[in-house]
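Enquirer: Quick check, what structure comes out for this input:
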Amino acid sequence: MPSVRSRPCEEGTIQSVRVAGDCAADAKRWVLLATILASSIAYLDESVVNVALPAIETDLSASVAVIQWLINAYTLTLSSLLLVGGAAGDRFGRRRLFIIGISIFAVASLWCGISLNTTQLISARAVQGVGAALLIPSSLAIIGATFPENERGKAIGTWAGFSALAAAAGPLLGGWIVDHFSWRWIFFVNPLLTVPTVLVALYHVPESRDPEGKPGLDWKGALLVLIGLGSITYGLIALPILKWSDPIVLASLSVGLVLLGAFVWVEGHSRAPMLPLTMFRSRAFSVINILTLLLYGALGGTFFFLPFALIQVRGYPATIAGAAFLPFTIIMAGLSRWAGGLLDTFGPRLPLVIGPAISALGLGLIGSMVVSGPYWVFFIPIIILGFGTVISVAPLTTTVMNSVPANQTGTASGINNAVASVANLFAVAILGAVALGILNHALDQRLQDAALSRGVQQAIQAAHGSFVIEPALSKARDADQVAAEVIIKGSLAEGIRSVMLIAAVLALSAAAAGTLLPRSIEITDPNDS
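Expert: Just a heads-up that it's a prediction; the model follows:
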């Protein structure tokens, strides 16, 4: 591995990631504060929006496809540009990209809050993804540059714990805001956190970069992956309406696959690739990204559909639905620092097998409880899911950082975060198509019942293609609404139950992937043949 000269922190600048051990304890605390605040902004927004989706769908008269794009517009730009964001931080300065990313995110959040229609809201969400693509990998890379390897696991565990706290607190906060004010106000929280974060970063976070980074950025690769992922996502979201045989669906999926293939080819021949394929020579790095794809796909699908299960099927207010995530919040906040030390004690394999397996159990139980049972029963699978997730997240993130040379932590972080975002992108698109298909099929079966009144039939017909039931029930007379509600809720529950079980299978597959990890991580230079 090429040597990297180090020197003590001077004039607020870290010239290479190897000087981390020389930084004062105060600098480390400020770095954790800044990175936790920034990541909390992004993760809070991502989770708070999920609880608001039913209200947005109703208020803006949006279709399921539009609601999926509210999530996927953000995830698409995030996953496509995370790799550029990580590489740009390594080359031009992580603190600089960190501050730029926070600023973009804050402005886009204000745009979301004042959007007049779904087109503006989706566009603003896409810009939010650009900001997040700069700040998230920079956050982890700054931690990697500031903390030596023997302290990095606990530092990342602390970062992950507080970030997870923000993400998990999002549903409760979002539900309360939706119930008492408007879904628009959920986007106005982000700018309030931006000012102190930028001030801490400017005055207390040292700059760092990769002194061996190659000049230029791989914008050709970024464009290919953006259009490729977008094309595939468009085809998957359109699938329940247009079916497989439709030329638009076939063309979208085909073009997307071709462009992603071209992206891999370009990365293999680029002088400054945003996805250095040589990194995947590391067995640990390859396996951990496969595990990330599976586990975060399971979690992404779950957190998209769980609010619909609680609000639409169970009929709880948004605040109560958000409160169901509290056990997850407490576990992630309280145990993430402890989980960060599991890697030092057991190595990466054991926690990354046990954690996803426990998560799979929690997801399976959630699927079995969609329809019936008291409210508090939901806490049991949420606790199990939280415990499995906390065991997985910090060791996973630390393994990513430790499996590559220290001067490439920004790029490695960007790749892994991109994989997690792609998992969420495809989970919402694919599982959304599955749930919608099951919902429509179940409704069609109920329509065959000749004993149903005309009002009930009209309500069932209106419920096709939507995860929000209130507009459909308005099609029935008062006498018919109870019967229509039972049928529509039961059909929606079938779709949600199925995707939860698929999520459980994905998490179990992640556990199986964890068995392929080495017991310990030996960092090798990916440029060595």
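Enquirer: Go ahead and name everything in contact with stretch 289-301.
Expert: Applying CB atoms under 8 Å, 6 or more residues apart in numbering, the contact partners of stretch 289-301 are 280, 352, 356, 359-360, 363, 389, 392, 396, 400, 415-416, 419-420, 422-428, 431, 499-500, 502-504, 506-507, 509-510, 513-514, 517. Using the backbone N, CA and C atoms, a C-beta is placed for each residue, glycine as well.
Enquirer: ditto for stretch 505-513
Expert: Residues contacting stretch 505-513 (CB under 8 Å, 6+ apart): 287, 290-291, 294-295, 297-299, 301, 352-357, 359-360, 363, 388, 392.
Enquirer: So how do I select the buried members of the residues you listed in PyMOL?
Expert: Applying 16 or more other CB atoms under 10 Å to these leaves a buried subset, and the PyMOL line that selects it is:
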select buried, resi 287+290+291+294+295+297+298+299+301+352+353+354+355+356+357+359+360+363+388+392
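Enquirer: and the contacts of stretch 505-513, which of them are in helices?
Expert: Those of these mapping onto helices are 287, 290-291, 294-295, 297-299, 301, 352-357, 359-360, 363, 388, 392, per DSSP state H.
Enquirer: F98: neighbour count?
Expert: Look at F98: counted by other CB atoms under 10 Å, it has 28 neighbours.
Enquirer: Might you report the residue contacts of N440?
Expert: Neighbouring residues of N440 by CB under 8 Å, 6+ apart: P240, H464, G465.
Enquirer: would you list these in JSON lines and tack on secondary structure?
Expert: Compiled in JSON lines, the contacts of N440 are given as follows (DSSP: H, G, I helix; E, B strand; the rest coil):
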{"residue": "P240", "secondary structure": "helix"}
{"residue": "H464", "secondary structure": "coil"}
{"residue": "G465", "secondary structure": "coil"}
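Enquirer: out of those, which is most surrounded?
Expert: With neighbours taken as other CB under 10 Å, the top of the contacts of N440 is P240, carrying 20 neighbours.
Enquirer: Isn't that one up against S466?
Expert: No - shown here, P240 and S466 do not form a contact pair, counting by CB atoms under 8 Å, at 11.3 Å.
Enquirer: Common neighbours of the two, please.
Expert: The contact lists of P240 and S466 share V64, where a contact means CB under 8 Å, 6+ apart.
Enquirer: filter the contacts of stretch 289-301 to the buried ones?
Expert: 352, 356, 359-360, 363, 389, 392, 396, 400, 415-416, 419-420, 422-428, 431, 499-500, 502-504, 506-507, 509-510, 513-514, 517.
Enquirer: Phi first, then psi, for K243.
Expert: Dihedral angles of K243 (phi, psi; degrees, to the nearest 10) stand at phi 70, psi 160.
Enquirer: is it true that it touches V249?
Expert: Yes - with contact taken as CB under 8 Å, K243 and V249 are classed as touching, separated by 7.1 Å.
Enquirer: Neighbour count: those two, which is higher?
Expert: Neighbours per residue, other CB under 10 Å: of K243 and V249, the larger number sits with V249, 19 against 10.
Enquirer: Could you verify my assumption that that one touches T233?
Expert: No - the criterion here is CB under 8 Å, and V249 misses it with T233 at 11.8 Å.
Enquirer: Having no further points to raise, I will conclude here.
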